[in-house]
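# Would you be able to build a 3D model of this:
(2 chains)
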Protein chains: 2
Amino acid sequence: MRYRLYYWPGIQGRGEFVRLALEEAGADYDDVARARKGGMAALQRLMARRSAPPFAPPFLAAGNLLVAQTANILLFLGPRLGLAPRSEAGRLWAHQLQLTVADFVAETHDTHHPIAGSLYYEDQRPEAKRRAALFVRERLPKYLGYFERGLAAGGGRWMLGARLTYVDLSLFQVVAGLRHAFPRALARRAARYPRLMRLHDAVAARPRVAAYLASARRLPFGPADLWRHYPELDR
Amino acid sequence: MRYRLYYWPGIQGRGEFVRLALEEAGADYDDVARARKGGMAALQRLMARRSAPPFAPPFLAAGNLLVAQTANILLFLGPRLGLAPRSEAGRLWAHQLQLTVADFVAETHDTHHPIAGSLYYEDQRPEAKRRAALFVRERLPKYLGYFERGLAAGGGRWMLGARLTYVDLSLFQVVAGLRHAFPRALARRAARYPRLMRLHDAVAARPRVAAYLASARRLPFGPADLWRHYPELDR
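Residues are numbered from 1 along each chain as shown, chains lettered A, B, ... in the order given. I've put the predicted structure just below:
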């Protein structure tokens, strides 16, 4: 199966959670809007289609099927790529964790866009400073503490035990994104989350992930990404 | 199967999406924190448990299984309650729509809490006014237009065609919540979304839903709910 991933070409964003799963599995895929001439037009055509259109990228085409919403894409891909538990209970638990990652990511985004996605950061800077300060003090420890406790309770190397799942890849990305966006705030707190930091490093060291991260396919974090570094928000 | 739903006792909130599915199906369930003495303590005990704890309510117990994240609960319940399509493609599409509902609900909540959930509304009112104005102008039409087009494309009575699914129940709740929180803004725009408004009424008229809405089990919208009416935000 050759998968086609549709996502904005210039950023890691939410597409990165899907890219990491495809890369770790060595899956055959096109990153359509980046790789193909006319890829962006194809993305926009699919968003405007009449039947079952995606609300927003990323979305994934697999044969005739088009799946949108990041966590839904991973729910679909997980068993196909060998990155999900076998039991229904395990799959629900993995998906539940992934949806909690999604909530955390949305809150992280809103630190620099608390008023509207349609406004520039510069037009909502005072609000962003206020939101980011409370994010760092309250939400960051709440989410990271939750995942750290999950790792401790599992007792295995990975979030769901002995086998790596897409949840581990996503947690790697969450830590990488926070290290980029909030280096000071995270450095001050990293010692409280030793298992999560080790998980980040263990994912980064996997041969396929390491090769991906060293390749041109891995975009750098940038000023239009979901994770953005603004020193004034990083306290 | 007797289900146990765990959610904050005083509000509709995200628990309401699960309640509506259980009620429409005539399922046997306890709304634990409301119905039982010690129910809140039971909710808090489960949140603090070591293995696979929920990050937040609502969560649902079914035998030994504990499922959290609203959309994940509906993914689990849908086939069991006859409220989901039979094919994998249909289930992924239903879940995708439900995750889009979840995003819309989170954005709706943040109109009155753009800075932090830990602050009172009164302590973030200027920011809320700014966010709500852009929500009404940009996000409300984007989401409602998306669901309206989905209904038009399906051509059936319900979002996924001829059979009601949990997505329809959730869209009913979204419209009901918006009518409560943004009555002026919604009244001004309702004519653009005739299918969605008809869907709301058709769900409300289903015998089990109608009985539920008329019962004491349906909590009124209130000042601590996810959907809140502040006239200054409703332009």
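# Could you use CA atoms for every contact and neighbour count after this?
Fine.
# near chain B, which residues of chain A?
Contact residues (Cα under 8 Å from any Cα of the partner chain) of chain A with chain B: A:50-53, A:55, A:65, A:67-69, A:72, A:76, A:89, A:92-93, A:95-96, A:99-100, A:114-116, A:127, A:130-131, A:134-135, A:146, A:149-150, A:153-154.
# which of these are buried?
Buried subset of the residues of chain A next to chain B (neighbour count, 16 or more other Cα atoms under 10 Å in any protein chain shown): A:52-53, A:55, A:67-69, A:72, A:76, A:92-93, A:95-96, A:99-100, A:114-116, A:127, A:130-131, A:134-135, A:146, A:149-150, A:153-154.
# Now, those that are in strands?
Under the assignment DSSP state E, these contribute A:V67, A:A68 to strands.
# need the contact list for the nearest residue to A:R91 once chain neighbours are set aside.
Counting by Cα to Cα, 6 or more residues apart in numbering or on different chains, A:P85 is the residue found nearest to A:R91 once chain neighbours are left out, at 5.5 Å. Listed by Cα atoms under 8 Å, 6 or more residues apart in numbering or on different chains, the contact partners of A:P85 are A:P79, A:R91, A:A94, A:L160, A:T165.
# Just give the number of residues close to the fourth one.
It stands for A:L160. A:L160 sits with 25 neighbouring residues when counted by other Cα atoms under 10 Å in any protein chain shown.
# what sits up against the worst-scoring helix or strand of chain A on mean pLDDT?
Ranking every helix and strand in chain A by mean pLDDT, DSSP states H and E puts helix A:32-35 at the bottom, with a mean of 93. Helix A:32-35 has contacts (Cα under 8 Å, 6+ apart) with A:R4, A:L5, A:Y6, A:Y7, A:W8, A:P9, A:G10, A:G39, A:M40, A:A42, A:L43.
# What's the first helix or strand after that helix?
In the C-terminal direction, the helix or strand that comes right after helix A:32-35 (DSSP states H and E) is helix A:39-47.
# which residues sit against that following helix?
Here helix A:39-47 has contacts from A:Y6, A:Y7, A:W8, A:P9, A:V32, A:A33, A:R34, A:P53, A:P54, A:F55, A:A56, using Cα under 8 Å, 6+ apart.
# which residue sits closest to the fifth one, ignoring its sequence neighbours?
It refers to A:V32. Spatial nearest neighbour of A:V32, chain neighbours left out: A:G39 (5.1 Å); criterion: Cα to Cα, 6+ apart.
# which one is A:H229 nearest to, not counting chain neighbours?
Counting by Cα to Cα, 6+ apart, the residue nearest A:H229 is A:A181, at 4.0 Å.
# gap between the one you found and A:A204?
As judged by Cα to Cα, to the nearest Å, A:A181 and A:A204 stand 18 Å apart.
# Chain A - how does it break down into domains?
Per automatic domain parsing, the domain ranges recorded for chain A read A:2-81, A:88-205+A:228-233.
# nearest to B:A190, of these?
Closest to B:A190 of these is domain A:2-81 (Cα to Cα; 20.5 Å).
# Against B:R130, how distant is the residue lying farthest from the centre of chain A?
For chain A, the residue at maximal distance from the C-alpha centroid (Cα atoms, centre = their mean) is A:R50, at 28.1 Å. Using Cα to Cα, one gets 33 Å for the distance from A:R50 to B:R130.
# for A:H112, same thing?
Counting by Cα to Cα - A:H112 and B:R130 are separated by 15 Å.
# next one: A:Q173
With the distance defined as Cα to Cα, A:Q173 ends up 32 Å from B:R130.
# In chain A, where's the longest helix?
In chain A, taking DSSP state H as the definition, the longest helix is helix A:88-112.
# That helix: which residues count as buried?
In helix A:88-112, counting by 16+ other Cα under 10 Å, buried: A:91-112.
# can you pull the buried residues of the least confident helix or strand of chain A?
The neighbour-count check on helix A:32-35 (16+ other Cα under 10 Å) flags A:V32, A:A33, A:R34 as buried.
# Excluding chain neighbours, what is closest to A:I11?
A:D225 (5.5 Å).
# secondary structure element for the one you found?
Using DSSP H and E, A:D225 falls within no helix or strand.
# Quick one: residues contacting it.
Neighbours of A:D225 in contact, by Cα under 8 Å, 6+ apart: A:I11, A:Q12, A:G13.
# Now render those as TSV, adding neighbour count, distance to A:R218 and pLDDT.
Formatted as TSV, the contacts of A:D225 follow (neighbours: other Cα atoms under 10 Å in any protein chain shown; distance: Cα to Cα, whole Å; pLDDT from 0 to 100):
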residue	neighbour count	distance to A:R218	pLDDT
A:I11	19	9	96
A:Q12	22	8	98
A:G13	23	11	98
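# what's the closest of those residues to chain B?
Set against chain B, the nearest of those by Cα to the nearest Cα is A:G13 (16.1 Å).
# Is it correct that that closest one falls within a strand?
No - remark: A:G13 does not belong to a strand; assigned using DSSP: H, G, I helix; E, B strand; the rest coil, it is coil.
# could you show me where the helices are in chain A, in order?
A:15-24, A:32-35, A:39-47, A:70-81, A:88-112, A:125-134, A:140-154, A:166-181, A:183-189, A:194-204, A:207-213.
# What residues of the third one count as buried?
So the one you mean is helix A:39-47. Neighbour-count burial for helix A:39-47 [16+ other Cα under 10 Å]: A:G39, A:M40, A:L43, A:L46, A:M47.
# so which of the residues you listed comes closest to chain B?
A:M47 (10.5 Å).
# so what's A:S170 up against?
A:F17, A:L20, A:Q98, A:V101.
# So what's the residue count around the residue lying closest to A:L119 once chain neighbours are set aside?
Leaving aside its chain neighbours, A:L119 sits nearest to A:H113 (7.7 Å; criterion: Cα to Cα, 6+ apart). By the criterion of other Cα under 10 Å, A:H113 has 24 neighbours.
# Likewise for the one 10 residues further on?
Neighbour count for A:D123, taken as other Cα under 10 Å: 12.
# and the gap between it and A:V101?
Using Cα to Cα, A:D123 is found at 28 Å from A:V101.
# With A:S215 instead?
25 Å.
# And A:P126, by the same measure?
According to Cα to Cα, A:P126 and A:V101 sit 26 Å apart.
# Ok, A:P231 next?
As judged by Cα to Cα, A:P231 and A:V101 stand 24 Å apart.
# With A:F59 instead?
A:F59 is 18 Å from A:V101, by Cα to Cα.
# With A:H112 instead?
Taken as Cα to Cα, the span from A:H112 to A:V101 is 18 Å.
# do A:A153 as well
Applying Cα to Cα, the value for A:A153 to A:V101 is 18 Å.
# Could you do A:V209 as well?
Distance of A:V209 to A:V101, computed by Cα to Cα: 20 Å.
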